[in-house]
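>>> need a structure here:
(2 chains)
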Number of protein chains: 2
Amino acid sequence: MTAIREIDPAGDFLVCEAGCVLEDVQNAADEVGRLFPLSLGAQGSCRIGGNISTNAGGVNVLRYGMMRDLVLGLEVVLPDGRIWNGLRSLKKDNTGYDLKQLFIGGEGTLGIVTAASLKLVARPAEKVTLWLGVASPAVAVELYTLFRTRLGELISSFELIAGLGVDAAVEHLPGVRAPIEGSHDWHLLIELAWSFDEGLLERAEAVIEEAFEREMIADGTIAQSGDQAANMWRIREGQSEATRNIGNIVRSDVSVRTSDIPDLVDAVDRFVRSEAGDVRILPFGHVGDGNLHFNFLLPFDNDSPERHKLLLNRLYDELDRRGGSISAEHGIGRMKQAAMMSRKSEVELDLMRRLKAAIDPDNIMNPGVILPAD
Amino acid sequence: MTAIREIDPAGDFLVCEAGCVLEDVQNAADEVGRLFPLSLGAQGSCRIGGNISTNAGGVNVLRYGMMRDLVLGLEVVLPDGRIWNGLRSLKKDNTGYDLKQLFIGGEGTLGIVTAASLKLVARPAEKVTLWLGVASPAVAVELYTLFRTRLGELISSFELIAGLGVDAAVEHLPGVRAPIEGSHDWHLLIELAWSFDEGLLERAEAVIEEAFEREMIADGTIAQSGDQAANMWRIREGQSEATRNIGNIVRSDVSVRTSDIPDLVDAVDRFVRSEAGDVRILPFGHVGDGNLHFNFLLPFDNDSPERHKLLLNRLYDELDRRGGSISAEHGIGRMKQAAMMSRKSEVELDLMRRLKAAIDPDNIMNPGVILPAD
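You can find the predicted model right below:
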């Protein structure tokens, strides 16, 4: 189940089997002059079926959407063994209920995806990768608004990283260098791209200059080579690996509105500093998506399951106040089930149970995932 | 139910009630420097609730997607009178089944949408509108591939119109002028846009020059003013109004893969010329979406319901051969129900019936729409 069955650059789609590794799909698109834009740390090993069942996100969501936005059609084995052939490659098809939506992000609880038709997009030619040191998440959001206004859809990634996490990467990841000098509380990694060969660099420089003049940036640099850009991405992608050297990490994957990011970070930071003195916040993530991997750093010698629970509950409380999500891109599975069940309205849970019962009445598909088994 | 409850340019969303007129939502976004990109002929009167329930398309789908791609959250009255509050404004939320997908394009058969959170995008600054005369749909698709490769996501619209339809617009729509001289079998109306103030015109000219050199274009022009661009759009938007002056029209709304458009047009044209001598094909639509309003022109004095049925059935047969859709953006309602029922697999119809029964067990929401009432 790893075949790419068809690829059509004029129609901007490819049809592949669920066992395809994401990177192989990216490469196949590249060979015909197109881009398959889903991009995430695990792309060398994760498979398309999993990307679909979990509605995967990653670093290009701002520009191209999540996996849900990239699926044109699906082939699915249903709980009763029948095969639903919804493997269409049409951009537009309003003939009845859009059944594929059930299985995208369904975490395997409604059926098993066996093949998919995926959307391809135009392949960028010039790419500009830049790194900025900023004082606070509030400034990061102001910069996002400025970049969005000036550069529009040319922004592929807009990633915020805590200074603590950047320092950890520079110290502990082999070969990684600090992109800018000095110590900064927060950093931004931004990637821009378009379909032309040249001209974007100058336009990016103009926006950075404007930001400097408006005193929004402390320091910044534009990658001068693929190697420098790769170094920047290594810091971002290596956050989990790097930070485990400096303490124990409590992980999360949350979202709020982009404009609520500064307030969320402040509120959680205040709590941590006042009530858990030896803990530090260590968020990184996708500013434009309102999605932070809002992690906490605990000392190696003062860690306990109770502390983890306390920190996450406190974070989730702050999300609840802002209409946020406790799982922006990682899904529910079993681990986040209790937290989900206590937050969703009875109406919403009832709708979810009805869907599950309608498609999988005997509860044989991943029972106990998303909804409790009984 | 016409209030815009909230608008957030940094978070790129607005929350409005279902009775809002589409154009009012577009204007509200514009006032804060953003774009709500759904754009269609009826935007001065159609309402957001209807746009959501029908998963509306329009002339910007190529760049920004259909209504489904623009909805962040929904408030819905369910068949049993309960209200589902799914009015989230998050870009990413993987907490369980994505229930809003049920109601988008559900044609009011599962619930009634009362409010929505809608995605905003960056507002273009420079816009380039151009008109090309081309020899065939095959050349139109080649040009689409060229433009896509050179200009990528900067293409907002890529519209094909039959020469017969353009001539009808020039002759019968008050004030409309021919964008280019002479007679052409096919025309393309293309719109490009980006967030910068200048520079796109020159880049568009370079692509047109390349197309001329490769002898893909017979004639072409770039709109030199807003008035000239509006004239071009009036021809496109006025196709229904204009062509009813030259004969009786049989309408459709179909889609295939973009690369199958030329072959589809040829096959239907061949049939029409050989078996219905006094009928002419009159398609227009969205090349990049693979979506044509594949209309037929009949003489005023030789028309009958049987002829309509014959032409549509023949068109649908050609779609079936190419995995196409009989309803790309207009939905099923009651009119296309029989054609849908005879085409969908038993597995797919069974899944659709299960969904309907799960959410609306008493069949009180728009009974007889999409699925038959009994």
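
>>> kindly list the longest helix within chain A.
Longest among the helix segments of chain A by residue count, using DSSP state H, is helix A:305-321.

>>> what's that helix in contact with?
Counting by Cβ atoms under 8 Å, 6 or more residues apart in numbering or on different chains, the neighbours of helix A:305-321 from elsewhere in the structure are A:250, A:252, A:254, A:256, A:264, A:267-268, A:271-272, A:276, A:279, A:294, A:296, A:298, A:324-326, A:339, A:343. The way it works is simple: take the backbone N, C-alpha and C, and place the C-beta from them, glycine included.

>>> let's see it at 7 Å
A:250, A:252, A:254, A:256, A:264, A:267-268, A:271, A:276, A:279, A:294, A:296, A:298, A:325-326, A:339, A:343 (Cβ atoms under 7 Å, 6 or more residues apart in numbering or on different chains).

>>> okay, and which of these map to strands?
Assignment to strands by DSSP state E places the following of these there: A:Val250, A:Val254, A:Phe294, A:Phe296, A:Leu298.

>>> secondary structure element for the residue nearest the centre of chain A?
With distances taken as Cα atoms, centre = their mean, A:Gly58 lies nearest the centre of chain A, 3.3 Å away. Counting by DSSP states H and E, A:Gly58 is held by no secondary-structure element, helix or strand.

>>> which ones are touching it?
The neighbourhood of A:Gly58, defined by Cβ under 7 Å, 6+ apart, consists of A:Leu38, A:Ser39, A:Leu40.

>>> what about the residue lying closest to A:Leu298 once chain neighbours are set aside, neighbour count?
Nearest in space to A:Leu298, with sequence neighbours left out and distances taken as Cβ to Cβ, 6 or more residues apart in numbering or on different chains, is A:Asn248 at 4.5 Å. As a burial measure, A:Asn248 scores 18 neighbours (other Cβ atoms under 10 Å in any protein chain shown).

>>> and A:Asn248, what does it touch?
The contact partners of A:Asn248, by Cβ under 7 Å, 6+ apart, come to A:Leu298, A:Phe300, A:Asp303.

>>> mind telling me what element the second one is part of?
I take that to be A:Phe300. Assessed by DSSP H and E, A:Phe300 sits outside every helix and strand.

>>> any idea how far it lies from chain B?
Distance, A:Phe300 to chain B, by Cβ to the nearest Cβ, to the nearest Å: 31 Å.

>>> that residue: neighbouring residues, count only.
A:Phe300: 8 neighbours (other Cβ under 10 Å).

>>> could you verify my assumption that it touches A:Gly247?
Yes: in terms of Cβ atoms under 7 Å, A:Phe300 counts as a neighbour of A:Gly247; the distance is 6.0 Å.

>>> picking that back up, just checking, which of the contacts of A:Gly58 belong to strands?
Checked against DSSP E, the contacts of A:Gly58 include nothing in strands.

>>> redo those residues as CSV? Include neighbour count and pLDDT.
Formatted as CSV, those follow (neighbours: other Cβ atoms under 10 Å in any protein chain shown; pLDDT from 0 to 100):
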residue, neighbour count, pLDDT
A:Leu38, 27, 97
A:Ser39, 19, 95
A:Leu40, 17, 91
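
>>> and the gap between the residue nearest to A:Leu298 and A:Gly285?
Using Cβ to Cβ, to the nearest Å, we find A:Asn248 at a distance of 20 Å from A:Gly285.

>>> swap in A:Val141?
In this view, A:Val141 and A:Gly285 are 13 Å apart by Cβ to Cβ.

>>> and A:Pro37, by the same measure?
When distances are taken as Cβ to Cβ, A:Pro37 and A:Gly285 turn out to be 18 Å apart.

>>> of those two, who's got more company?
Each of A:Pro37 and A:Gly285 had its neighbours counted (other Cβ under 10 Å), and the higher figure belongs to A:Gly285 (27 against 24).

>>> for the more buried one, identify the helix or strand it belongs to.
For A:Gly285, the host element (DSSP H and E) is strand A:280-286.

>>> so what touches that strand?
Residues external to strand A:280-286 that are found in contact with it (Cβ under 7 Å, 6+ apart): A:59, A:61-62, A:158-162, A:164-165, A:239, A:243, A:265, A:268-269, A:272, A:291-297.

>>> output stretch A:204-212 in CSV with nothing but the alpha carbons.
Output of stretch A:204-212 as CSV, limited to C-alpha atoms (Å, rounded to 0.1, in the frame of the first residue of the first chain):
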residue,chain,number,x,y,z
ALA,A,204,11.2,41.1,2.8
GLU,A,205,14.0,43.6,3.7
ALA,A,206,11.6,46.5,3.3
VAL,A,207,9.2,45.0,5.8
ILE,A,208,12.0,44.2,8.3
GLU,A,209,13.3,47.8,7.9
GLU,A,210,9.8,49.1,8.7
ALA,A,211,9.7,46.9,11.7
PHE,A,212,13.1,48.2,12.9
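
>>> what values do phi and psi take at the residue of the stretch 1-150 of chain A found nearest chain B?
Across the stretch 1-150 of chain A, the shortest distance to chain B (Cβ to the nearest Cβ) belongs to A:Ala122, at 3.2 Å. Per-residue torsions, A:Ala122: phi -60, psi 140 (degrees, to the nearest 10).

>>> could you report the pLDDT at it?
What the model reports as pLDDT for A:Ala122 is 91.

>>> contact partners for it?
By Cβ under 7 Å, 6+ apart, the contact set of A:Ala122 is A:Leu35, A:Ser195, B:Arg148, B:Gly152, B:Glu153.

>>> which of the residues you listed count as buried?
A:Leu35, A:Ser195, B:Arg148, B:Gly152, B:Glu153 (16 or more other Cβ atoms under 10 Å in any protein chain shown).

>>> how far away is the second one from B:Glu209?
With distances taken as Cβ to Cβ, A:Ser195 is found 17 Å from B:Glu209.

>>> PyMOL command for the buried members of the contacts of strand A:280-286?
Buried residues within those, as defined by 16+ other Cβ under 10 Å, are selected in PyMOL through the command that follows:
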select buried, chain A and resi 59+61+62+158+159+160+161+162+164+165+239+243+265+268+272+291+292+293+294+295+296+297
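
>>> tell me, which of the contacts of strand A:280-286 make contact with chain B?
For chain B, the contacts drawn from the contacts of strand A:280-286 by Cβ under 7 Å from any Cβ of the partner chain are A:Val61, A:Asn291.

>>> just the ones of the contacts of strand A:280-286 in helices?
Cross-referencing these against helices under DSSP H gives A:Val61, A:Leu62, A:Leu164, A:Gly165, A:Gln239, A:Thr243, A:Val265, A:Val268, A:Asp269, A:Val272.

>>> now the residue of the stretch 1-150 of chain A closest to chain B: closest residue in space that isn't a chain neighbour?
The shortest distance from A:Ala122 to any residue other than its chain neighbours is 3.2 Å, reached at B:Gly152 (Cβ to Cβ, 6+ apart).

>>> for the one you found, grab phi and psi.
phi 50, psi -130.

>>> likewise for A:Arg82?
phi -70, psi 150.

>>> now it: closest residue in space, sequence neighbours ignored.
Spatial nearest neighbour of A:Arg82, excluding adjacent residues (Cβ to Cβ, 6+ apart): B:Val347 at 5.2 Å.

>>> what's the burial count for that neighbour?
When neighbours are defined as other Cβ under 10 Å, B:Val347 has 17 of them.

>>> how many degrees apart are the helix or strand harbouring it and helix A:346-359 in direction?
With elements taken from DSSP H and E, the one containing B:Val347 is helix B:346-359. Using axes from the mean of the first three to the mean of the last three Cα atoms, to 10 degrees, the direction of helix B:346-359 lies 150 degrees away from that of helix A:346-359.
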